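**Student:** Structure, please.
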Amino acid sequence: MANNLPRDKQLSVLHLLLEGNSIRSVERLTGVALKTILRVMVRFGEGCQDFLDSAFHNLKLRHVQVDEIWTFVHTKQGHLKPQEKHNEEIGDQYLFLALDTDTKLIPAHMLGKRTGENAYCLLDNLRQRCDVVSQISTDGFGPYPQTVQNTFGNDTSHGVLIKNYADPKMGRYAPPKLISTNRFDLGGISDTRTICTSHVERCNLTIRTFMKRFTRLALGFSKKRQNLAAAVAMHIAHYNFCRIHGSLRMTPAMKANVTPRLWSLADLFDAIEQAVWKKKRAARIDKMLARMRSVLN
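**Tutor:** Numbers count the residues shown, from 1 in each chain. Next comes the predicted model:
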């Protein structure tokens, strides 16, 4: 991926990052310069995003849960200057996640502000990768009902789960006490007890554990949105293909029949490196053909 760092060293850096180490701790453990670590991470992460776009297609999922998880880039939203508040690249950022209840696969994700447009991008991406999604469960975020209808129509049943807490403001240092839940069938769900977001919320804990950029009340945060996006894509690709899920005894990609075997990080690295090489080769050929056409014309 990076031109000067040996493959084994790159794998060591990526492995430490994927196990939840911060950039500076990886620098201390490996002796690799911070800027080099960031370059390796961004190249690999962007390759992971392209890989995920091509790996998932014709999925058949029974029940997908959708949720958002908060982090920030550069500066927390409340500390932004007035001229910075409309900058989409800094301040609050939300990772929209879609997780299948049965396979624990994350077939789609979206990073950005907590807006209806980004909710639509997530569900539209999910729609393109799936032949069948029998049921979708979401929280009470306002844009979801119309967005699910616009992307899936009547092909998918939709339920909304709203959790009520005793004192929501207490959730900063410890989870607030849950006092009740309300489930709403927005079409096609015969048993509202199946409306659930617990599995995707548990996945949020995994994300906060293995990505320091999402750990609240800590020093690990992203200074650039590009770095955050790369770290997210890298984590999700590794989670889907390389990490054995505790309840499944296999990876989510194996359970969803995306791949028949367990991948190592080296397998994922080599697959992405090959895809990047093919992409660059195709770009060079297109550029050469464009020059030839311009000469002939």
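**Student:** so residue 22 makes contact with residue 220?
**Tutor:** Yes: Residue 22 is within contact range of residue 220, at 4.8 Å (criterion: Cβ atoms under 8 Å). All C-beta spots, glycine's among them, are computed from the backbone N, C-alpha and C.
**Student:** which residues do those two both contact?
**Tutor:** residue 212 (Cβ atoms under 8 Å, 6 or more residues apart in numbering).
**Student:** got the residue ranges for the helices in this protein?
**Tutor:** With helices called from DSSP state H, the chain shows them at 7-18, 23-30, 34-55, 116-129, 144-152, 198-210, 225-241, 252-255, 265-296.
**Student:** The shortest one packs against which elements?
**Tutor:** When contacts are defined as 3 or more Cβ pairs under 8 Å, 6 or more residues apart in numbering; DSSP states H and E, helix 252-255 sits against helix 225-241.
**Student:** Let me have the helices of the chain in a markdown table, adding mean pLDDT and distance to residue 87 as columns.
**Tutor:** Conversion of the helices of the chain to a markdown table gives the following (pLDDT from 0 to 100; distance: least, Cβ to Cβ, whole Å):
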| stretch | mean pLDDT | distance to residue 87 |
| --- | --- | --- |
| helix 7-18 | 95 | 26 |
| helix 23-30 | 94 | 23 |
| helix 34-55 | 94 | 20 |
| helix 116-129 | 95 | 16 |
| helix 144-152 | 94 | 25 |
| helix 198-210 | 93 | 24 |
| helix 225-241 | 96 | 10 |
| helix 252-255 | 96 | 35 |
| helix 265-296 | 85 | 30 |
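**Student:** Can you tell me which of those helices is nearest to residue 63?
**Tutor:** Among these, helix 198-210 comes nearest to residue 63, with 9.0 Å by Cβ to Cβ.
**Student:** Return the alpha-carbon coordinates of the closest one using CSV.
**Tutor:** The C-alpha trace of helix 198-210 is given here as CSV (Å, rounded to 0.1, in the frame of the first residue of the first chain):
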residue,chain,number,x,y,z
SER,A,198,-30.3,-4.1,20.5
HIS,A,199,-27.9,-6.0,18.2
VAL,A,200,-26.8,-2.9,16.3
GLU,A,201,-26.5,-1.0,19.6
ARG,A,202,-24.2,-3.8,20.9
CYS,A,203,-22.2,-3.4,17.7
ASN,A,204,-21.8,0.3,18.7
LEU,A,205,-19.9,-1.0,21.8
THR,A,206,-17.6,-3.0,19.6
ILE,A,207,-16.9,0.1,17.5
ARG,A,208,-16.1,2.2,20.6
THR,A,209,-13.8,-0.6,21.9
PHE,A,210,-11.8,-1.1,18.7
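**Student:** Go through it and flag the buried ones.
**Tutor:** Using 16 or more other Cβ atoms under 10 Å as the test for burial, helix 198-210 gives 199, 200, 201, 203, 204, 206, 207, 208, 210.
**Student:** packing partners for the lengthiest strand in the chain?
**Tutor:** If you go by DSSP state E, the chain has its longest strand at strand 59-73. If contacts are counted by 3+ Cβ pairs under 8 Å, 6+ apart, strand 59-73 sits against strand 91-100, helix 116-129, strand 130-138, helix 198-210, helix 225-241.
**Student:** Kindly recompute the last result at 7 Å.
**Tutor:** Applying 3 or more Cβ pairs under 7 Å, 6 or more residues apart in numbering; DSSP states H and E, one finds that strand 59-73 contacts strand 91-100, strand 130-138, helix 198-210.
**Student:** So which of those is nearest residue 281?
**Tutor:** Residue 281 lies closest, by Cβ to Cβ, to one member of those: strand 130-138, at 30.6 Å.
**Student:** export that closest one as PDB, just CAs?
**Tutor:** Output of strand 130-138 as PDB, limited to C-alpha atoms (Å, rounded to 0.1, in the frame of the first residue of the first chain):
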ATOM      1  CA  CYS A 130     -29.600  -6.500  -1.200                       C
ATOM      2  CA  ASP A 131     -32.100  -8.500  -3.200                       C
ATOM      3  CA  VAL A 132     -34.300  -9.100  -0.100                       C
ATOM      4  CA  VAL A 133     -34.600  -7.300   3.200                       C
ATOM      5  CA  SER A 134     -37.700  -8.600   5.000                       C
ATOM      6  CA  GLN A 135     -37.800  -6.200   7.900                       C
ATOM      7  CA  ILE A 136     -36.000  -3.000   9.000                       C
ATOM      8  CA  SER A 137     -36.000  -1.800  12.600                       C
ATOM      9  CA  THR A 138     -34.900   1.800  13.300                       C
END
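**Student:** and that strand with helix 144-152, angle?
**Tutor:** 180 degrees (axes from the mean of the first three to the mean of the last three Cα atoms, to 10 degrees).
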